[in-house]
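S.K.: below are the sequence and a predicted model for it; my questions follow.
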There are 2 protein chains.
Amino acid sequence: MTIVLVGLGVIGGSFGLALKEAGYTSVYGIDTNETTLKKAKKLGIIQEGFTDGEEILPQADLIIFSLYPTLIAQFIQSHPKKFKPNAILTDVTGIKQGIIKEISPLLPDSVDFIFGHPMAGREKRGIDFANQAVFKDANYLLTPTVKNQEKNLVFLEQLVKELGFKKVTRITPHEHDQLIGFTSQLPHAIAVALVNSDINEKTGDFVGDSYRELTRIANINEELWSELFIGNKSNLLEAIDLFETELTKIKVAVAENDTKTLKRLFIHSTERRSQL
Amino acid sequence: MTIVLVGLGVIGGSFGLALKEAGYTSVYGIDTNETTLKKAKKLGIIQEGFTDGEEILPQADLIIFSLYPTLIAQFIQSHPKKFKPNAILTDVTGIKQGIIKEISPLLPDSVDFIFGHPMAGREKRGIDFANQAVFKDANYLLTPTVKNQEKNLVFLEQLVKELGFKKVTRITPHEHDQLIGFTSQLPHAIAVALVNSDINEKTGDFVGDSYRELTRIANINEELWSELFIGNKSNLLEAIDLFETELTKIKVAVAENDTKTLKRLFIHSTERRSQL
């Protein structure tokens, strides 16, 4: 099995390290950055690196795209007829409806593109921060389309479990984007807003674990996340609305010295959080 | 030096463990819960436990109150004239202006109450969750009053550093409450609102590190935090307002496909977070 990693940033690099650890040796890389390719080879992640797909794509049984969402379509369009028949392609994009709609019409019938989302990111960019440990026990979501073959879905599910993921869930692209708007994009919006609302210069001396934890992801890749936020606009805006409604309940209870309501809200959140 | 811990919950117990580790042996405990006192003695935290202060208070050189804010005044009032002359008293309450105003008039002139705030909490309650590791490298805030003696302030600063705290900062009660409204209470309000805005039953399969981190503190002690929120009402409401303003900026940018503004907000939060 020949595997080609397209994009060797922090996620593509982590796939490379996890594949190496799991014993896969026939792994190649494509990246526009030659320094990245050299690093990947030195790390033993890839056998060889390429700045385009001409040479290696025809041999690839599995292609993992770890690119910015808008770059995947561009890559496929610039390599027409280069894919090996029956190749499995997959991506790691954080929202699915848009990418599926964009990519599906561009694909030759002979390949099977399984759209997926490893729930394991890092705020840092680039291969230097790649680390397979982030995959350990994480969730993986697959959003099958009618074109996907069951055997290929099962193959990918087993592979990502070999790479450390704990639970692989199949879900519709619609449901995926709605859930992700809440569990991933809303927390990022909150973290950014929290840090940006800091009016004091001395905050650093006064923070505890809670502020540190809530703001880690305010260190955010602006290219990627502006694409993700706008690409999932309606779900994200709905999630923000629901959150604001709950925050308003707390605000009103505090303003009115309504201890009873505050306690009820705290008990409810404690119960729900404990179920996670 | 005889030290008395009043309240042996998760924070009082952690002080006990940290004192033990630092080599302090003449440590006693007061708690209304006899099981807690037995556990504390078994853990080697205290030499002896008492359900009231009659016997041990007259010997105490240092008294650390780790009680719910409203209970400290009650305790002092029920033990008039029991304090040793020149005793140092301190508390761990998360907001300071209210408690200072409440406690100061109740104190005999012969004792020095230094109001403080270790920035190291746990969401769990009770001595079973006490752990001195939470103090390691944490921040400690002191809010001196005009009555405090410099030598006693220096003594307490040195002691808490011995117990693992990294930085001790003196700050006015007013500034403390404003900063804590932002760095501690606002994050708790956000975490509670985030968990409570979850409309899906299956969320658990779809969460990554970010949601887990942002919601850990949604597991919240409703008795303590309803007191803290309402006791710091104006600062907390102002912090929520500032946060909501920033969240609205993100919402408007997403709604208007305003990539440029989104990127600017993300770059700003990344810079500020990196300074922490």
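M.R.: Received the coordinates, thanks. Residues are numbered from 1 along each chain as shown, chains lettered A, B, ... in the order given.
S.K.: and the nearest residue to A:F155 once chain neighbours are set aside, how close does it get to A:S78?
M.R.: Sequence neighbours aside, A:I88 is the residue nearest to A:F155 in space, at 6.9 Å (criterion: CB to CB, 6 or more residues apart in numbering or on different chains). In short, each C-beta sits where N, CA and C put it, glycine included. From A:I88 across to A:S78, the span is 20 Å (CB to CB, to the nearest Å).
S.K.: please apply the same query to A:D177.
M.R.: A:D177 sits 27 Å away from A:S78, taking CB to CB as the criterion.
S.K.: do the same with A:R125
M.R.: For A:R125, the distance to A:S78 (CB to CB) stands at 23 Å.
S.K.: same thing with A:D128?
M.R.: In terms of CB to CB, A:D128 sits 27 Å off from A:S78.
S.K.: and for A:N148?
M.R.: In terms of CB to CB, A:N148 sits 24 Å off from A:S78.
S.K.: A:G49 should be in a strand, yeah?
M.R.: Yes: looking at A:G49 with DSSP: H, G, I helix; E, B strand; the rest coil, it is inside a strand.
S.K.: A:K42 is in contact with that one, correct?
M.R.: No: A:G49 is beyond contact range of A:K42, at 10.3 Å (criterion: CB atoms under 8 Å).
S.K.: those two: which is more packed in?
M.R.: Between A:G49 and A:K42, counted using other CB atoms under 10 Å in any protein chain shown, the more crowded position is A:G49 (21 against 9).
S.K.: A:I88 and A:S78: which has the busier surroundings?
M.R.: Each of A:I88 and A:S78 has its neighbours counted (other CB under 10 Å); A:I88 has more, 24 against 11.
S.K.: which residues does the more buried one contact?
M.R.: By CB atoms under 8 Å, 6 or more residues apart in numbering or on different chains, the contact list for A:I88 reads A:61-63, A:111-114, A:152, A:155-156.
S.K.: phi first, then psi, for it.
M.R.: A:I88 adopts backbone torsions of phi -100, psi 130, taken as degrees, to the nearest 10.
S.K.: A:D112 now?
M.R.: Residue torsions, per degrees, to the nearest 10, at A:D112 are phi -120, psi 100.
S.K.: so for it, what's the pLDDT?
M.R.: You'll see A:D112 listed with a pLDDT of 97.
S.K.: gap between it and chain B?
M.R.: Distance of A:D112 to chain B, given as CB to the nearest CB, to the nearest Å: 24 Å.
S.K.: which residues in chain A form strands?
M.R.: Assigned by DSSP state E, chain A shows strands spanning A:3-6, A:27-30, A:48-50, A:62-65, A:88-91, A:112-114, A:116-118, A:139-142, A:167-170.
S.K.: can you redo the ones you listed as JSON lines with distance to A:V207?
M.R.: Converted to JSON lines, the strands of chain A look like this (distance: least, CB to CB, whole Å):
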{"stretch": "strand A:3-6", "distance to A:V207": "38"}
{"stretch": "strand A:27-30", "distance to A:V207": "40"}
{"stretch": "strand A:48-50", "distance to A:V207": "42"}
{"stretch": "strand A:62-65", "distance to A:V207": "38"}
{"stretch": "strand A:88-91", "distance to A:V207": "37"}
{"stretch": "strand A:112-114", "distance to A:V207": "42"}
{"stretch": "strand A:116-118", "distance to A:V207": "30"}
{"stretch": "strand A:139-142", "distance to A:V207": "29"}
{"stretch": "strand A:167-170", "distance to A:V207": "33"}
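S.K.: for A:K249, find the nearest of these.
M.R.: Nearest to A:K249, of all the strands of chain A, is strand A:139-142, at 29.2 Å by CB to CB.
S.K.: relative to chain B, which of the contacts of A:I88 is nearest.
M.R.: Within those, distances to chain B taken as CB to the nearest CB reach their minimum at A:L156, with 17.1 Å.
S.K.: how about the nearest residue to that closest one, chain neighbours excluded?
M.R.: A:I114 (5.4 Å).
S.K.: and that neighbour, how far is that from A:F65?
M.R.: In this structure, A:I114 and A:F65 are 11 Å apart, going by CB to CB.
S.K.: list residues touching both of those two?
M.R.: With CB under 8 Å, 6+ apart as the test, A:I114 and A:F65 both reach A:89-90.
S.K.: A:T183 touches B:Y211, doesn't it?
M.R.: Yes: in terms of CB under 8 Å, A:T183 counts as a neighbour of B:Y211; the distance is 4.6 Å.
S.K.: so what sits against both of these two?
M.R.: Shared contacts of A:T183 and B:Y211 (CB under 8 Å, 6+ apart): B:T203.
S.K.: so, low pLDDT: which residues of the stretch 1-150 of chain A?
M.R.: Along the stretch 1-150 of chain A, segments meeting pLDDT under 70 span A:122-123.
S.K.: for it, what lies in contact range of chain B?
M.R.: By the rule CB under 8 Å from any CB of the partner chain, the part of the stretch 1-150 of chain A lying against chain B is A:119-121, A:138-139, A:141.
S.K.: let's have these in CSV, adding neighbour count.
M.R.: Below are these laid out as CSV (neighbours: other CB atoms under 10 Å in any protein chain shown):
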residue, neighbour count
A:M119, 24
A:A120, 22
A:G121, 21
A:A138, 20
A:N139, 19
A:L141, 23
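S.K.: nearest to chain B among those?
M.R.: Closest to chain B, out of all of the residues of the stretch 1-150 of chain A next to chain B and judged by CB to the nearest CB, is A:M119, at 4.0 Å.
S.K.: which residues does the closest one contact?
M.R.: Counting by CB under 8 Å, 6+ apart, A:M119 has contacts A:138-141, A:184, B:206-208.
S.K.: go again with 10 Å.
M.R.: The neighbourhood of A:M119, defined by CB atoms under 10 Å, 6 or more residues apart in numbering or on different chains, consists of A:94, A:134-135, A:138-141, A:165, A:167, A:169, A:180, A:183-184, B:205-211.
S.K.: just the buried residues from the residues you listed, in PyMOL please.
M.R.: The command below creates a PyMOL selection of those among those that count as buried (16 or more other CB atoms under 10 Å in any protein chain shown):
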select buried, (chain A and resi 94+134+135+138+139+140+141+165+169+180+183+184) or (chain B and resi 205+206+207+208+209+210+211)
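S.K.: does chain B sit close to the longest helix along chain A?
M.R.: Among the segments of chain A that qualify as a helix by DSSP state H, the longest is helix A:233-255. Yes: counting by CB under 10 Å from any CB of the partner chain, chain B has neighbours in helix A:233-255: A:233-234, A:236-255.
S.K.: select only the buried ones of these in PyMOL?
M.R.: In PyMOL, a selection of the buried entries from those looks like this (16+ other CB under 10 Å):
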select buried, chain A and resi 233+236+237+239+240+242+243+244+246+247+249+250+251+253+254
